[in-house]
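**Q** below is the sequence, then the predicted model.
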Number of protein chains: 4
Amino acid sequence: MDRLRKIFSAHPNPASDAGDVAFALVKAAAECSYVCTTCADACLEEASSSELRNCIRMNLDCAEICALTATLISRPGEQDRTVLRAQLEACAKACRACAEECGRHGKTMEHCRICAESCRECAEACDAMLKALVS
Amino acid sequence: MDRLRKIFSAHPNPASDAGDVAFALVKAAAECSYVCTTCADACLEEASSSELRNCIRMNLDCAEICALTATLISRPGEQDRTVLRAQLEACAKACRACAEECGRHGKTMEHCRICAESCRECAEACDAMLKALVS
Amino acid sequence: MDRLRKIFSAHPNPASDAGDVAFALVKAAAECSYVCTTCADACLEEASSSELRNCIRMNLDCAEICALTATLISRPGEQDRTVLRAQLEACAKACRACAEECGRHGKTMEHCRICAESCRECAEACDAMLKALVS
Amino acid sequence: MDRLRKIFSAHPNPASDAGDVAFALVKAAAECSYVCTTCADACLEEASSSELRNCIRMNLDCAEICALTATLISRPGEQDRTVLRAQLEACAKACRACAEECGRHGKTMEHCRICAESCRECAEACDAMLKALVS
C-alpha cells in the first residue's frame, strides 16, 4: 500500500491534515475486508459449517462494511463529517462484533483467530480516525 | 424486484417478521444507489462540473452506502442488531446529506432533483426499518 | 426503479442511445444481485448447508459481479467499450454458472429456483447490452 | 496485508496451490482499487477537472473492478474457473485502459503517474493469476 501513502500526499486539496491516520485506516480496513472474506470462505469448508452460520454472516457483513469505509476514507477531499463519523462508528461496531464472534472459535480455528485480530486492529483504526476528525 | 419479495418469503429462517419493511428498504436503497451513481456521472458532464465537486463526491459516497445497506438487509437470517442499527443510521444520514446537497441544484438540474427525491425516500425507508428492528 | 429511468433521460451527455437496454440491464442486475445475496443466506440456513458450499460461494460471487455491472451501466457518459464488453461477458458467465448451480437445487428449494430464474434474466440482459454496444 | 497471507494458509480446503500468486493479486488489486479512488478524487480538485471527466470515470470503474477481483480471489475454496477467468480478463483490461488514460496526464499530475503505475502492476498480477489457473 506504499502507493496509497504517496498518492494521498499528491492530492491537490485534502480536507484535513489527518493523512497518516487516514492511511493507517485504509490499510487496516482493506486487510480486514479481505481477511473477513477469506474467513467466511474457510468457515464454509469446516466440518462444523452449519454451526458457523452466524460467524459466516458476520464475516460477510464486516467484509463489506470495511471495504466501504476504506473507499470513503480514500477520498481525501471535502466530505460531510456527520456521514463520515456515522460510517466510522458503524464500522467500529461491525469489527468489534465480528472480533467477538470469531474470537469464540479462535482456539480451534486459526482463520478465526487471525480474523479476530484483524477486526480489532480495524476497530482501533476507526476510533483513531474518529478522534482525528474532531480536531 | 418482484423476485426479491418472493425469495424473502422463501427464506427458511428469517430473524424477524419485518419482511415487508425490509423489502421496501432494499428497493429504495438499490434505486437510490444507482440514481446517485447516475447523478454523479451527469454532474461530471455539466459545464459547471468544477462547482459540483462536493455534489459528485456526496453522490458517490451515498451510492456506496446505499448499496451496502441493501446488501445487509438482503440477508434475512440472524444478524447483529447493534451493527445493523448503526449502518441504517449512517445510511439515513448519507441520504439526507445528499438530498440537501442535490436539492440545492434541483431547480437548474433535473438529475439532481430526481436524486434528492430518491435520497429522501431511502432515508425514510431506513427510519422505518430502524423502527421495525426495535419491535 | 422508475427514477432511474427518468434520471437516465436527464443525463446531459449520454455516450449511446442504448438507454432502454441499459435501464433493463441495471434493473435485472440489481434484482439478481440482491436475490443472490438472499439465496446465499437462505442456503446457509438449510439443514443441508454443508452440501451447498459451492452454491453459497457461487451466489456470493454472482451477487458482487451483478452489483458491479449495474454500477458501471449506471454511468451513461463515455466509457471504455473494451472494458465494458469484458465486464458484461464476465457477468453473463457468472449468471449462467449460478443459474446452473441453483437450478440443480430448484426442485427442492424454492429460493434456488427463484435465484436461477433471476440469473437467467440477467444473463439475457447482458447479452442484449453487448449487442447494443456494437451498433 | 500480512494477515491475509497467513489466513490463506489457514484455509482448510483451498481449490488450488496458487496461494502466493493469489495473495500477490489481492495485494495489487486492493492497492489499485484505493489508489484509483484517490486519483478520481484528486482529479475532481484539479483546476482542469472538466477536462478530466473520462479519467475520473475510468478511475471509478477501475476502482470497483479491482475491488471485486480482490474479493473473488479472497475466496480460496472451489470456484467456477470460467467465471474467474472472465473476471480476471475484465480486470486486466480495465487496469490497462486506466493506466493508458492516467499515463496521458502523468507528466503534469503526480497522482495520475502513481495511479498508472499501480494499474500496470495490477494488470500484470491478473495475467500471472490467469496463467496459474491453467496449470
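**A** Alright, I've got the coordinates. Numbers count the residues shown, from 1 in each chain, chains lettered A, B, ... in the order given.
**Q** got a list of what the residue positioned nearest the centre of chain A touches?
**A** Note on chain A: the residue nearest the mean C-alpha position is residue A:29, at 3.1 Å, using CA atoms, centre = their mean. By CB atoms under 8 Å, 6 or more residues apart in numbering or on different chains, the contact set of residue A:29 is A:66, A:67, A:69, A:70, A:73, A:91, A:122, A:125, A:126. Yep, even glycine has a C-beta here, placed from its N, CA and C like the rest.
**Q** now do the helices in chain A.
**A** Using DSSP state H, the helices of chain A run over A:2-9, A:19-45, A:53-73, A:81-105, A:110-134.
**Q** so for the longest one, what gets flagged as buried?
**A** To tie it back to what came earlier, the one meant is helix A:19-45. In terms of neighbour count (16 or more other CB atoms under 10 Å in any protein chain shown), helix A:19-45 has its buried residues at A:21-45.
**Q** then the fourth one?
**A** By 16+ other CB under 10 Å, the buried positions in helix A:81-105 come out as A:83-99, A:101-103, A:105.
**Q** low-confidence stretches in chain A?
**A** For chain A, the stretches with pLDDT under 70 are A:135.
**Q** tell me the contacts of residue A:43?
**A** Residue A:43 touches A:49, A:52, A:55, A:56, A:59, A:109, A:111, A:112, counting by CB under 8 Å, 6+ apart.
**Q** let's go with 10 Å and repeat that
**A** Neighbour list for residue A:43: A:49, A:51-59, A:102, A:105, A:109, A:111-112, A:115, D:11-12 [criterion: CB atoms under 10 Å, 6 or more residues apart in numbering or on different chains].
**Q** against residue C:49, how distant is it?
**A** Counting by CB to CB, to the nearest Å, the gap from residue A:43 to residue C:49 is 11 Å.
**Q** list residues touching both of the two?
**A** With CB under 10 Å, 6+ apart, residue A:43 and residue C:49 have common neighbours A:49, A:51, A:52, A:53, A:56.
**Q** and those residues near chain D, which?
**A** residue A:49 (CB under 10 Å from any CB of the partner chain).
**Q** what subset of the shared contacts of residue A:43 and residue C:49 is buried?
**A** Neighbour-count burial (16+ other CB under 10 Å) is assigned, among these, to A:49, A:52, A:53, A:56.
**Q** nearest residue to the third one other than its sequence neighbours?
**A** With CB to CB, 6 or more residues apart in numbering or on different chains as the criterion, residue A:53 has its nearest non-adjacent residue at 5.0 Å, and that residue is residue C:44.
**Q** same question for residue A:64.
**A** residue B:68 (5.5 Å).
**Q** stretch A:5-16 and chain D, are they touching?
**A** Yes - against chain D, stretch A:5-16 shows contacts by CB under 10 Å from any CB at A:5, A:6, A:7, A:8, A:9, A:10, A:11, A:12, A:13, A:14, A:15.
**Q** want to throw these into CSV with distance to chain C and neighbour count?
**A** Below are the residues of stretch A:5-16 next to chain D laid out as CSV (distance: CB to the nearest CB, whole Å; neighbours: other CB atoms under 10 Å in any protein chain shown):
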residue, distance to chain C, neighbour count
A:5, 27, 16
A:6, 25, 18
A:7, 21, 29
A:8, 24, 24
A:9, 28, 13
A:10, 24, 18
A:11, 23, 20
A:12, 23, 17
A:13, 23, 13
A:14, 25, 18
A:15, 25, 17
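**Q** and chain A, which of its residues are near chain C?
**A** Taking CB under 10 Å from any CB as the measure of proximity, chain A contacts chain C at A:37, A:40-41, A:44-54, A:56-57, A:60, A:64.
**Q** can you tell if stretch A:96-108 touches chain B?
**A** Yes - applying CB under 10 Å from any CB, one finds stretch A:96-108 in contact with chain B at A:96, A:97, A:98, A:100, A:101.
**Q** the residue nearest to residue A:36 when sequence neighbours are not counted and residue A:38: what is the separation?
**A** Counting by CB to CB, 6+ apart, residue A:63 is the residue found nearest to residue A:36 once chain neighbours are left out, at 3.8 Å. Distance, residue A:63 to residue A:38, by CB to CB: 9 Å.
**Q** next: residue A:95.
**A** Using CB to CB, residue A:95 is found at 16 Å from residue A:38.
**Q** over to residue A:52?
**A** Distance of residue A:52 to residue A:38, given as CB to CB: 14 Å.
**Q** which neighbours do the two have in common?
**A** With CB under 10 Å, 6+ apart, residue A:52 and residue A:38 have common neighbours residue A:59.
**Q** OK, contacts around the closest residue to residue A:97 other than its chain neighbours?
**A** Excluding the flanking residues, the one nearest residue A:97 by CB to CB, 6+ apart is residue B:80, at 4.4 Å. Residues near residue B:80 by CB under 10 Å, 6+ apart: A:54, A:57-58, A:61-62, A:93-94, A:96-98, A:100-101, B:86.
**Q** ok, residue A:128 next?
**A** Contact analysis of residue A:128 by CB under 10 Å, 6+ apart lists A:18, A:20, A:21, A:22, A:24, A:25, A:28, A:88.
**Q** would you mind listing the two of those that lie farthest apart?
**A** Pairwise distances among these were taken by CB to CB; the largest, 16.1 Å, belongs to A:20 and A:88.
**Q** circling back: I figured the residue nearest to residue A:53 hits residue A:58, correct?
**A** No - Residue C:44 is beyond contact range of residue A:58, at 11.6 Å (criterion: CB atoms under 10 Å).
**Q** mutual contacts of those two, please.
**A** Residues touching both residue C:44 and residue A:58 (CB under 10 Å, 6+ apart) are A:52, B:78.
**Q** check contacts around residue A:120.
**A** Residue A:120 sits next to A:28, A:32, A:95, A:96, A:98, A:99, A:100, A:102, A:103 when contact means CB under 10 Å, 6+ apart.
**Q** re the thing from before, buried subset of the contacts of residue A:29?
**A** By 16+ other CB under 10 Å, those give A:66, A:67, A:69, A:70, A:73, A:91, A:122, A:125, A:126 as buried.
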